[in-house]
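> The following comprises the amino acid sequence and a computationally predicted model.
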Amino acid sequence: MQYENYDPSFPDQPVVDQYLPVWANLPAFQSKPAFIWSEAQSSSSSSTLTLTYAQLNASVHLISSKLLNIPLQRRDTVVILCPPGLLLVKLIFACQRAGLLSVPITPPHPSFSHQNYHHLLRALSQTNPTAALAHRHYISTVQRYVSSSSSPPPPPHYNQKLARLLQTLRWISIDDDDAFNDGNLVNLDMSSYSYKYNGCRAEDVYLVQYTSGATGIPKPVLVTAGSAAHNVRTARTAYDLHPNTVIVSWLPQYHDCGLMFLLLTIVSGATCVLTSPTAFINRPRLWLELMTEFKATCTPVPSFTLPLVVKRGGIAEKGTIPINLSCLNNLIIINEPIYRASVDEFVRVLTPFGLNPSSISPSYGLAENGTFVSTAWRSRNDHSFPTHRKLLPVARLCYNQEDMDIVVVNEETCEAVEDGVEGEIWVSSPSNASGYLGHPSLTREVFHGRLRNTLGRCFVRTGDTGVVKGEQRFLFVTGRCQDVIQLQGGRKIIHPHYIESTAYHTCPKLLRGGCIAAFKISTTITTAIVAEMQRVEKQEKVLRRICEEIREGVAEEEGVEVGLVALVKSGCVPKTTSGKLQRWLAKQKFIAGEMTVLMKMQFGNEVDNLAQFGSTDENVLVRGNKAGTRCTE
């Protein structure tokens, strides 16, 4: 379907929600799908729900009116506790149209029996919401949890502070109105509606978006409606998106890239096919099937997706939908750093199924800038990326937007470094968020960075390290400032992802890729590595060999002396919802003995000093010796 007279710079609106009535009133868009939800039931069956632009606009109008008649007031804060789906999409836009500050949260199980409520407790404490939106059955279970304190003894998982915060909330059921339904909404006649927008203004904070938690406890970022609109317009231009674009996304819709692509869909007048992260993780081939079925032109995925799909995607399985990726223009890869080897392997495996190598779009973003910052992709005919220490670039600074400035800075002197020198990445853009809720000093430190001896614009200090190289000034994200490991008395540093990648490749058949964390554990032990096993291995000989191979491989490949290797059960190494390693939390859990350790092996003369680190199922703590046969053989 072609759309005539479309100019990608029109209609530009101050906030994203204001695009909806514009599209909904165009004849070509009224029945055009804005979002399609795929409920994958099995490898052979799935069901879909469709939400057109007219339906979405009508739903958003009805829901926003209902919220303000409950009554809530403009600028009230609302927590959204809704599972992934079309209803969550409606609620996010409806809160913006109602002028409410929304806090989308992955809803923990309302029994809170698995200590899964910490993020919710944090959000309720920090944002002080007026109300919570949830399904009726969820609300009932929460109310039973709250009342369980009145019949002592309370359950062992009962948290008094959480119960008090839940009790003070105004709970709003999202099952009590036709506008809330996930199914196809009957087309409402909005033509006679005199449209006067009374929702969020550009300068209003409309969203609290939590950081991923990759380098510390997630922080609440304040995003204005105007900065969010600028961010997705910038991304629309960078990826050349338009009404013919079809996006496929399984990313979490609550924050970061998953949320940004909801907004990006509307700004572009595109169609977005959604499914849940759980559905993808359970069956990675689903992602390929959705791109095939809906002829996807764009898809955003974390970098761990590529090796996972190559390994577990069942790409050439018989009796399934034949894969065809020939329509794909943008395979957007996020979660820096991006290793060239994993991208090359994915391209090699998927090229016979129509994947064009020029669709590869390495990209960079962070919550403090709304999400999107840059991409190294420029056009469908250009896929020649350079490499820096095994990594792909995420931007070409010579093509940067006029209103965005990306600088690599010396952390200590706050001066821009020369190209080829590594430093901290700073970003200045109208997309910059307003700061962290309730953290004024940290807001000044992170959101008000200034280059030394200049009176220019403020920068967001990203906490990421990078380097600029080449005539086109390619930007490579090399790691995170906080994760850097200092060696040899501080004279040499290394990014832990290099150690982790090398450790995995010493024994890829037994270790879990992307589930290995390296960190410095004390001043005496140079480096510690915690690695998840694919399965529980009881033979001490095998475990010992793996530890020794990790130590030898890292020393040989990276020149790093490993002081401790611990092999742990699957699921022990913590990650963010987007798959980023939480090394800080892995270190904390390991030292506290909160990991199921199969073996820990120390290399050196400090066995007695390691008793405090970790706990083991098998009580195995041994000295290292000469490495044995390689696991890869």
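Arrived safely, thanks for sending. On a predicted model such as this, the values are computed, not experimentally measured, just so you know.
> tally of neighbours for Arg450?
Arg450: 14 surrounding residues under other CB atoms under 10 Å. (Glycine included, C-beta is placed from N, CA and C.)
> how much space is there between it and Val460?
Applying CB to CB, to the nearest Å, the value for Arg450 to Val460 is 11 Å.
> same question, Pro220
Counting by CB to CB, the gap from Pro220 to Val460 is 15 Å.
> got it, and Thr596?
39 Å.
> who's more crowded, those two?
Per other CB under 10 Å, whichever of Thr596 and Val460 has more neighbours is Val460, with 22 against 15.
> Just to check, that one is in contact with Pro430?
No. Using CB atoms under 8 Å as the test, Val460 is too far from Pro430 to be in contact (11.7 Å).
> ok, and the closest non-adjacent residue to Cys95?
The shortest distance from Cys95 to any non-neighbouring residue, by CB to CB, 6 or more residues apart in numbering, is to Ser102 (3.9 Å).
> Doesn't the one you found belong to a helix?
No. Counting by DSSP: H, G, I helix; E, B strand; the rest coil, Ser102 falls outside a helix, being strand.
> okay, it: pLDDT?
Looking at Ser102, its pLDDT stands at 97.
> do Glu412 as well
92.
> burial of it, as a residue count?
8.
> Please report the distance of it from Pro357.
From Glu412 to Pro357 the distance is 40 Å (CB to CB).
> so the residue nearest to Cys95 bridges to which residues?
Taking DSSP bridges, one obtains Val78, Leu207 as the residues bridged to Ser102.
> wait, it sits on Tyr206?
Yes. Between Ser102 and Tyr206 there is a contact at 6.8 Å, judged by CB under 8 Å.
> any shared contact partners between those two?
Jointly contacting Ser102 and Tyr206 under the rule CB atoms under 8 Å, 6 or more residues apart in numbering are 95-96.
> Looking at these two, which one has more neighbours?
Tyr206 (28 against 25).
> Relative to Ala228, how far out is the residue nearest to Cys95?
On the measure of CB to CB, Ser102 and Ala228 end up 12 Å apart.
> overlap in contacts of the two?
206-207.
> buried set for stretch 289-299?
289-292, 294, 296-299 (16 or more other CB atoms under 10 Å).
> who touches it?
Residues from elsewhere that reach stretch 289-299 (CB under 8 Å, 6+ apart): 36, 38, 239, 241, 244-249, 270-271, 273, 275, 287, 320-325, 327-332.
> Give me the buried subset of these.
Of the contacts of stretch 289-299, these count as buried by 16+ other CB under 10 Å: 36, 38, 239, 241, 245-249, 270-271, 273, 275, 287, 323, 325, 327-332.
> Got the phi and psi for Gly435?
phi 150, psi -170 (degrees, to the nearest 10).
> Not counting its neighbours along the chain, what's nearest it?
Gly435 sits nearest to Thr443 (CB to CB, 6+ apart), 3.4 Å away.
> May I have the phi/psi pair for the one you found?
phi -60, psi -50.
> And for Ile266?
The phi/psi pair for Ile266 (degrees, to the nearest 10) is phi -70, psi -40.
> which non-adjacent residue is nearest it?
Per CB to CB, 6+ apart, closest to Ile266 is Tyr19, 5.1 Å.
> Glu336 falls within a strand, correct?
No. Looking at Glu336 with three-state DSSP, it is coil, so not inside a strand.
> need the contact list for it.
With CB under 8 Å, 6+ apart, Glu336 has these contacts: 303, 364, 394, 464, 477.
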